[in-house]
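> My questions concern the predicted model and sequence given below.
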Amino acid sequence: MQRIVVIGAGAMGCLFAARIAESGAQVMLVDVDRARLDAIAREGIHLVDDKGARTVRVAAGVAADVQPPVDLVLLFTKGMHSRAAIRSVAHLAPAGTVVLTLQNGLGNPEVVAETFPADRVLKGLAALPADLHGATGVSSHGTGHLELGAMTPAGEDAAHAAAALLARAGFDARTSAQVDVPIWEKVAFNAALNAIGAVTGQPNAGVDNAPGRRIIAAMVGEVVATAHACGVPVDEARIHAAIDHALAEHRAHKASMLQDFIAGRATEVESIQGAVCERARAAGVATPVTDTLADLIRLMEQARR
């Protein structure tokens, strides 16, 4: 039986922990929120998806409770917590554990590689929605896909093994030798929909209109220009197709950044919009709309401190 650790008991962490546990692997969900962990350990994860509603039992604890051997760590914290989270399981590095980050934004694999060898670091994206409901509930509807790859060529076998594990858990998981392309395309998707959702307070349906579409198009264009300047050949039409699908099929979904504001949590503005703008400045690319939306989110965060 494979031993899997999922770090981060947010919507994505709970979704993945539950589905992987259902597939027969031994899963432990790790977080710093002891109240949430206690609730999950006591009640399990209440999962609702296209297969229906059920409760999945998952072990839950803090990082110090995790002992090797562990085959795979999935990192699902917010980007600003990545370094602390991965250092909390540094004791797994000597035992050969592989780490996969499917987090939003840019820079997370490099942070993981500060603690784990780069040939055991996998990176990718999860293109599917998930929403938390209370301390133990999570829902996800509709189709989506996972794309992952190795940080170095030596990690390709580990990437294939991780994709196979996730496929057994019911995810549409695939590997890619050019995983930076879909990662940047997801960044463009998130930079646009997360920012406009957070600033307006609207679910997807509320930004599917002429002014919303103009802002979305401008932000996507800026991220695409930045990616191309960084040598990543993203496809702008494919990004817009993904946004069109989200606006049409997940109209009630609240962007994760909006969910963070509603819950009083810090947002991932620096890992998403901030990271894009930082790379754009270094490459000489102008990003006025992305800069403005990022600053609006920063102002909103400051206002509630």
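Structure's in. What do you need?
> how close does the residue lying closest to residue 126 once chain neighbours are set aside get to residue 155?
With CB to CB, 6 or more residues apart in numbering as the criterion, residue 126 has its nearest non-adjacent residue at 4.5 Å, and that residue is residue 102. Placement of C-beta: from N, CA and C, glycine included. For residue 102, the distance to residue 155 equals 15 Å [CB to CB, to the nearest Å].
> out of these two, which sits in the busier spot?
residue 102 (24 against 20; other CB atoms under 10 Å).
> Now that one. Its backbone dihedrals?
Dihedral pair for residue 102: phi -110, psi 30, per degrees, to the nearest 10.
> residues contacting it?
Contact analysis of residue 102 by CB atoms under 8 Å, 6 or more residues apart in numbering lists 12, 74, 75, 76, 124, 125, 126, 146, 148.
> Following the record's annotation, map out the domains of the chain.
The chain breaks down by automatic domain parsing into domains covering 3-175, 180-303.
> Mind putting the ones you listed into JSON lines with mean pLDDT?
Formatted as JSON lines, the domains of the chain follow (pLDDT from 0 to 100):
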{"stretch": "domain 3-175", "mean pLDDT": "96"}
{"stretch": "domain 180-303", "mean pLDDT": "95"}
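> now the helices: where do they sit in this structure?
11-22, 34-43, 82-87, 108-112, 156-168, 180-200, 210-229, 236-249, 256-263, 275-283, 288-303 (DSSP state H).
> and the shortest one, how far out from the chain's middle?
By that I understand helix 108-112. Computed by CA atoms, centre = their mean, to the nearest Å, the chain-centroid distance of helix 108-112 equals 13 Å.
> Report all helices and strands that that helix contacts.
If you count contacts as 3 or more CB pairs under 8 Å, 6 or more residues apart in numbering; DSSP states H and E, helix 108-112 packs onto helix 82-87, strand 98-101, strand 121-127.
> which one of these has the most crowded surroundings?
strand 98-101 (a mean of 28; mean count of other CB atoms under 10 Å).
> Which residues does that strand contact?
With CB under 8 Å, 6+ apart, strand 98-101 has contacts from 71-75, 82, 86, 108-109, 112, 116, 120-124, 148, 155, 158, 161-162.
> rerun at 6 Å
By CB atoms under 6 Å, 6 or more residues apart in numbering, the residues outside strand 98-101 that reach it are 72-75, 108-109, 112, 116, 120-123, 158, 162.
> In contact with residue 103, which residues?
Taking CB under 6 Å, 6+ apart, one finds residue 79 in contact with residue 103.
> at 7 Å what do you get?
75, 76, 79, 82 (CB atoms under 7 Å, 6 or more residues apart in numbering).
> if I pick the nearest residue to the third one once chain neighbours are set aside, what's in contact with it?
Among residues not flanking residue 79 along the chain, residue 271 sits closest, at 2.9 Å (CB to CB, 6+ apart). Applying CB under 7 Å, 6+ apart, we find residue 271 in contact with 79, 80, 104, 105, 106, 107.
> And the residues you listed, which two are furthest apart?
Greatest spacing in the contacts of residue 271, by CB to CB: 80 and 106 (12.8 Å).
> between those two, which one's more packed in?
Taking neighbours as other CB under 10 Å, residue 80 and residue 106 compare with residue 106 leading, 22 against 14.
> shouldn't that one be in contact with residue 187?
Yes. Between residue 106 and residue 187 there is a contact under CB atoms under 7 Å: 6.1 Å.
> Look up how far residue 261 lies from the closest residue to residue 256 other than its chain neighbours.
Nearest residue to residue 256 in three dimensions, chain neighbours excluded: residue 194, at 6.2 Å (CB to CB, 6+ apart). Look at residue 194 and residue 261: by CB to CB, they are 10 Å apart.
> Neighbour count for these two, which is higher?
residue 194 (26 against 20).
> tell me the contacts of residue 269?
Per CB under 7 Å, 6+ apart, neighbours of residue 269: 294, 297, 298.
> Nice, that's everything, thank you.
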